[in-house]
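1. Build me a model:
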Amino acid sequence: MRIGCVGWMVAAAIAVPPAMVAHPGIFEGHGDVGAVLHPGSVEYDAARKTYRITASGENVWGTADAFHFVWKKASGDLSVTAEIDFATTTGNPHKKAVLMVRQSLEAEAAYADAAVHASGLTSLQSREEKGAATHEVQSNLAAPKRVRITKTGDRFYLSVAGEGEELRLAGGSMKVALKDPFYVGIGVSAHDKDALETAVFRNVDVAPAAASGPPKLHSTLETITVASTDRRVVHVAAGRFEAPNWTRDNLLLFNGEGRLHRIPVEGGKPETIDTGFATRLNNDHAISPDGTRMAISDQSQEQRRSLIYVVPIGGGTPRRVTERSPSYFHGWSPDGKTLAYCGERNGNFDVYTIPAAGGEETRLTTAEGLDDGPEYSPDGKFIYFNSIRSGLMQIWRMKPDGSEQEQVTPDDGYNNWFAHVSPDGQRMVFLTYEKGVSGHPENKDVMLRIMTLANGKISVLAKLFGGQGTINVPSWSPDGQRLAFVSYQLVP
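-> Prediction:
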């Protein structure tokens with residue numbers, strides 16, 4: 001049965017009302033969303049239970065979409081699952097077939113989708129509110145055999161499966177607050193306003209997302225390209241891991257279950273780094289400027305209070321640096337001769353420095369409350385840190401001797417943590433909690449924000465579910481184009 005679009009005008013912005021079309025399979029209606037030059041269509045094969053969608057449309061992206069959508073109305077938590085194939089390998093490699101949950105049939109509507117590109121790229125995409133920009137988290141599995149998008153409350157998850165595999169969490173999540181009822185369905189965009197392209201959806205299933213038992217924590221190691229804000233998944237695993245560092249040879253180092261691990265930026269299987277007796281590492285560690293050593297914070301010794309050690313980058317026996325505890329490492333001086341850290345002494349947390357070779361520590365801050373996260377600027381002229389002294393946690397900086405302490409981030413009502421300055425010294429990324437959140441707890445809605453230091457302009461790089469463990473340590477790529485971080489998912 002071929003179902004064409006009835007009564008359409010070119011560049012129509014909404015779909016045909018349900019009364020004007022027959023119901024394609026499990027769906028209620030279909031139509032072109034946004035401005036299209038060529039009307040789309042859907043063929044439903046009841047015997048094979050397949051949907052063959054042919055569509056024009058420039059893209060499903062940016063602030064407005066143009067595609068053909070096969071839909072029904074729904075409410076509550078649900079999942080959409082399908083196998084997707086493109087009819088031809090020609091055309092734009094970024095033509096898209098999507099599993100979508102959408103607030104309305106307006107081109108600018110808020111939505112989340114699982115988008116499979118003809119090139120194999122598969123992403124979780126979302127527009128968090130009407131007319132906002134679209135963002136994505138790219139899966140590390142290309143051209144999956146089966147794809148699912150799951151809505152749980154206002155959180156969306158992508159699951160993928162290769163040939164012969166079970167569906168697994170693809171990593172990352174996106175938050176879109178949709179009101180009941182909304183639209184759910186499948187769609188195609190040619191990624192070329194002048195073309196018509198076809199994709200076939202098999203074994204399509206729309207089902208309630210029923211939870212059984214408490215949610216399970218997953219951690220996702222991601223990178224983000226600063227210029228585009230595109231996020232890409234490197235590694236996903238059940239449980240908690242934290243705090244990536246980026247090496248000169250494009251490895252990511254992160255801690256989990258008290259150990260340090262490494263993995264290629266492109267993904268793969270993590271390897272555990274031998275750190276000898278140091279088997280209770282926390283998320284405070286970083287690579288020396290010359291790339292040969294790691295400073296780590298470990299609490300396996302002496303009453304399980306954190307101490308700072310230096311270990312060869314490839315692993316080996318740790319050499320103790322700090323005598324007093326607890327001490328939480330955060331930054332190397334550019335010449336590699338000095339370490340900056342947070343220490344608790346007499347009930348107060350302050351910023352200290354100490355020679356990397358060991359010796360006496362020097363206290364740099366004396367304000368009441370918490371001063372934390374010290375990190376040198378690449379030119380060594382400043383130490384950036386976060387301080388609660390103004391009433392909210394804000395980013396401050398000072399000279400390396402502790403003089404000229406000044407607030408860097410504005411009093412905008414947010415709590416800001418863990419400043420990391422780009423390798424060229426031009427920009428600073430930091431972790432921001434929603435207003436009203438104190439401390440730096442785990443499992444919260446947070447933002448990665450970036451400031452241009454020359455003019456103080458701040459923009460949002462990413463919104464995610466995270467907090468403690470997301471970006472406690474420096475994680476810029478050596479070329480300053482990307483950042484690594486960890487997001488978290490509480491999956492039913």
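2. from here on, contacts and neighbour counts on C-alpha atoms
-> Noted.
3. wait, doesn't Ser189 sit right on Gly57?
-> Yes: shown here, Ser189 and Gly57 form a contact pair, counting by Cα atoms under 8 Å, at 5.2 Å.
4. More neighbours: which of these two?
-> Using other Cα atoms under 10 Å, the more surrounded residue of Ser189 and Gly57 is Ser189, with 34 against 30.
5. Report the separation between that one and Ala115.
-> Ser189 sits at a distance of 10 Å from Ala115 (criterion: Cα to Cα, to the nearest Å).
6. Show me the common contact partners of these two, please.
-> Lys96, Ala97 (Cα atoms under 8 Å, 6 or more residues apart in numbering).
7. Enumerate every residue touching the closest residue in space to Ser475 that isn't next to it in sequence.
-> Nearest non-adjacent residue to Ser475, counting by Cα to Cα, 6 or more residues apart in numbering: Asn245, 4.6 Å away. For Asn245, the set of contacting residues under the criterion of Cα under 8 Å, 6+ apart consists of Leu252, Leu253, Phe254, His285, Ala286, Ile287, Val473, Pro474, Ser475, Trp476, Ala484.
8. ok, 6 Å please
-> For Asn245, the residues meeting the contact criterion (Cα atoms under 6 Å, 6 or more residues apart in numbering) are Leu252, Leu253, Ser475.
9. out of those, who's nearest Ala133?
-> Distances from Ala133 to the contacts of Asn245, taken as Cα to Cα, are shortest for Ser475 (25.6 Å).
10. what residues do Ser189 and Gly57 have in common as contacts?
-> With contacts taken as Cα under 6 Å, 6+ apart, Ser189 and Gly57 have Phe67 as neighbours in common.
11. Okay, Val446 and Phe465: tell me how far apart.
-> With distances defined as Cα to Cα, the gap from Val446 to Phe465 amounts to 6 Å.
12. These two: which is more packed in?
-> When Val446 is set against Phe465 and neighbours are counted by other Cα under 10 Å, the residue ahead is Val446, at 24 against 21.
13. tell me which element that one falls in.
-> strand 444-452 (DSSP states H and E).
14. what is the mean pLDDT for that strand?
-> Looking at strand 444-452 alone, the average pLDDT works out to 97.
15. how does this structure divide up, domain by domain?
-> Domain ranges of the chain: 2-208, 216-491, per automatic domain parsing.
16. Compare the mean pLDDT across those domains and name the weakest.
-> With a mean of 91, domain 2-208 has the lowest mean pLDDT of the domains of the chain.
17. Pull the distance from that domain to the chain's centre.
-> 22 Å (Cα atoms, centre = their mean, to the nearest Å).
18. Check stretch 347-362 too.
-> The chain centre lies 33 Å from the centre of stretch 347-362; the measure is Cα atoms, centre = their mean.
19. Look through the chain and tell me its longest strand.
-> Assignment by DSSP state E gives strand 197-208 as the longest strand of the chain.
20. Mind giving me the packing neighbours of the very next helix or strand once past that one?
-> Taking DSSP H and E as the definition, the helix or strand that follows strand 197-208 towards the C-terminus is strand 216-225. The contact analysis (3 or more Cα pairs under 6 Å, 6 or more residues apart in numbering; DSSP states H and E) places strand 216-225 against strand 231-238, strand 482-491.
21. need the strands for the stretch 201-350 of the chain, in chain order.
-> Using DSSP state E, counting those that start in this stretch, the strands of the stretch 201-350 of the chain run over residues 216-225, 231-238, 241-246, 251-256, 259-264, 271-273, 281-287, 293-298, 307-312, 319-320, 327-332, 338-345, 348-355.
22. Of all the ones you listed, which one is nearest Val137?
-> Distances from Val137 to each of these were compared using Cα to Cα; the shortest belongs to strand 231-238, at 4.6 Å.
23. how about that closest one: buried residues?
-> For strand 231-238, burial by neighbour count (16 or more other Cα atoms under 10 Å) applies to Arg231, Arg232, Val233, Val234, His235, Val236.
24. residues making contact with that strand?
-> Defining contact as Cα under 6 Å, 6+ apart, one finds that strand 231-238 is touched by 137-140, 171, 218-224, 267.
25. before we move on, back to that, would you mind giving the helices and strands packed on strand 216-225 as CSV with distance to Val98 added?
-> Conversion of these to CSV gives the following (distance: least, Cα to Cα, whole Å):
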stretch, distance to Val98
strand 231-238, 18
strand 482-491, 22
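26. What distance do you get for the residue lying closest to Tyr433 once chain neighbours are set aside to Phe485?
-> For Tyr433, the nearest residue in space outside its immediate sequence neighbours is Val446; the separation is 4.8 Å by Cα to Cα, 6+ apart. Using Cα to Cα, we find Val446 at a distance of 12 Å from Phe485.
27. How about Lys151?
-> As for Lys151, its distance to Phe485 is 24 Å (criterion: Cα to Cα).
28. Please compare the two by neighbour count and tell me which comes out ahead.
-> Between Lys151 and Phe485, Phe485 has the larger neighbour count (other Cα under 10 Å), namely 28 against 23.
29. Now do the contacts for the more buried one.
-> The contact partners of Phe485, by Cα under 6 Å, 6+ apart, come to Glu222, Thr470, Ile471.
30. Can you name the residues that contact the first one?
-> In this structure, Glu222 makes contact with Arg232, Val233, Val234, Ala484, Phe485, Val486, judged by Cα under 6 Å, 6+ apart.
31. rerun at 10 Å
-> Neighbour list for Glu222: 137-140, 171-172, 231-236, 244, 265, 267, 470, 483-487 [criterion: Cα atoms under 10 Å, 6 or more residues apart in numbering].
32. Leaving out chain neighbours, which residue sits closest to it?
-> Counting by Cα to Cα, 6+ apart, the residue nearest Glu222 is Val233, at 4.5 Å.
33. Next: the second one.
-> The shortest distance from Thr470 to any residue other than its chain neighbours is 4.5 Å, reached at Val486 (Cα to Cα, 6+ apart).
34. from memory that neighbour sits against Glu242, does it?
-> Yes: with contacts defined as Cα atoms under 10 Å, Val486 counts as touching Glu242 at a distance of 6.2 Å.
35. what touches both of those two?
-> Between them, Val486 and Glu242 have Ser219, Thr220, Leu221, Phe254, Gln468, Gly469, Thr470, Ile471, Asn472 as joint contacts when contacts are counted by Cα under 10 Å, 6+ apart.
36. Could you measure from the closest residue in space to the fourth one that isn't next to it in sequence over to Glu28?
-> Once its chain neighbours are removed from consideration, Phe254 has its nearest residue in Pro244; the separation is 4.4 Å (Cα to Cα, 6+ apart). Here Pro244 is placed at a distance of 46 Å from Glu28 (Cα to Cα).
37. cool, and Trp332?
-> The separation that Trp332 has from Glu28, given Cα to Cα, amounts to 60 Å.
38. More neighbours: which of the two?
-> Counted by other Cα under 10 Å, Trp332 and Glu28 do not tie: Trp332 has more neighbours, with 28 against 17.
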